[in-house]
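> Output the structure for:
(chains A and B)
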Amino acid sequence: ETGVTQTPRHLVMGMTNKKSLKCEQHLGHNAMYWYKQSAKKPLELMFVYSLEERVENNSVPSRFSPECPNSSHLFLHLHTLQPEDSALYLCASSQDRLGGADGYTFGSGTRLTVV
Amino acid sequence: GQSLEQPSEVTAVEGAIVQINCTYQTSGFYGLSWYQQHDGGAPTFLSYNGLDGLEETGRFSSFLSRSDSYGYLLLQELQMKDSASYFCAVKGGNKLVFGAGTILRVKS
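Predicted structure coming up:
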């Protein structure tokens, strides 16, 4: 069990649905991230939050909407997704934005399928 | 921007030594990291090199040459459980950028 918990583990949604992914960490980290992992492609950074403030939005379509209500929780709200959005969505946290020598701690991800 | 190159697949036998190379292009380089990911699992942090040279952690070692924009992960005494994907990642600016990953297959 990692220090970062993501729910749900699997999600199937239609293109007109609205759903949310949840990420929780109790490591005392100050930065949290959303990454997208598609088959045979590098992990793509989507959003960065540092001390609950969004500091990076990596040209992500508006159908993905992040929310960070406190330093322990991060959400990714999804609406009107496309089939090409099907992927593994990974949440990560780190002590600070640079990650330091301790690196990032990842959750196990949410496997999203858009039908 | 940042880009990283690493081999897509490597195969080795149990007990052997394998080296996974990574070359990168980035601005504002802060360090090279390595992560391991088993099928269906979370990426887990293995090592970090902020300065040139070799860092050793048990059976795993990682090397960095900043002048060559090059690093590698060395795995010794390979075990079946080492079969996984290995990602190099560079810190540039305020974010961590990952390579596409190398699938390591360990055969008995």
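> how about the residues of chain B near chain A?
B:4, B:8, B:30, B:33, B:35, B:40-45, B:48, B:50, B:87, B:91, B:94-101 (Cβ under 8 Å from any Cβ of the partner chain). All C-beta atoms are positioned from the backbone trio N, CA, C, and that covers glycine.
> are any of those buried, and which?
By neighbour count, with 16 or more other Cβ atoms under 10 Å in any protein chain shown, those hold B:4, B:30, B:33, B:35, B:42-45, B:48, B:50, B:87, B:91, B:94-101 as buried.
> Sketch out the low-pLDDT regions of chain B for me.
For chain B, the stretches flagged by pLDDT under 70 are B:93-94.
> try 90 this time
Within chain B, the stretches with pLDDT under 90 are B:1-3, B:26-31, B:40-41, B:57, B:91-97.
> What is the neighbour count of the residue of chain A found nearest chain B?
When scored by Cβ to the nearest Cβ, chain A has residue A:103 as its residue closest to chain B, at 3.2 Å. Here the count is done by other Cβ atoms under 10 Å in any protein chain shown, and residue A:103 has 23 residues near it.
> What residues does the closest residue to chain A within chain B make contact with?
The minimum distance from chain B to chain A, using Cβ to the nearest Cβ, falls at residue B:45 (3.2 Å). Applying Cβ atoms under 8 Å, 6 or more residues apart in numbering or on different chains, we find residue B:45 in contact with A:102-105, B:33-35.
> so which of those comes closest to residue A:63?
residue A:104 (25.2 Å; Cβ to Cβ).
> how far away is the residue lying closest to the closest one once chain neighbours are set aside from residue B:27?
Counting by Cβ to Cβ, 6 or more residues apart in numbering or on different chains, residue A:104 lies nearest to residue A:92, which is 4.3 Å off, once chain neighbours are set aside. Separation of residue A:92 from residue B:27 (Cβ to Cβ, to the nearest Å) stands at 22 Å.
> ok, those two, which is more surrounded?
When residue A:92 and residue B:27 are compared for neighbours, residue A:92 comes out ahead with 30 against 8, by other Cβ under 10 Å.
> and the more buried one, what does it touch?
Going by Cβ under 8 Å, 6+ apart, residue A:92 touches A:4, A:32-33, A:35, A:104-107, B:43.
> Equivalent analysis for residue A:31, please.
By Cβ under 8 Å, 6+ apart, residue A:31 lies in contact with A:48-51, A:93-97.
> from the residues you listed, which ones fall inside helices?
In helices, judged by DSSP state H, none of the contacts of residue A:31 are found.
> how many other residues sit next to residue 6?
Just going to use chain A. Neighbour count of residue A:6, defined by other Cβ under 10 Å: 23.
> Actually, chain B is the one I wanted.
Close neighbours of residue B:6, defined as other Cβ under 10 Å, add up to 23.
> what does residue B:108 give?
Counted with other Cβ under 10 Å, the neighbours of residue B:108 add up to 6.
> Against residue A:85, how distant is it?
Taking Cβ to Cβ, one finds residue B:108 at 39 Å from residue A:85.
> cool, and residue B:84?
Distance from residue B:84 to residue A:85, by Cβ to Cβ: 26 Å.
> So what touches the host helix or strand of residue B:73?
Per DSSP states H and E: residue B:73 is located in strand B:70-75. Strand B:70-75 has contacts (Cβ under 8 Å, 6+ apart) with B:17-24, B:32, B:34, B:46-47, B:49, B:59-65, B:82, B:86, B:88, B:104.
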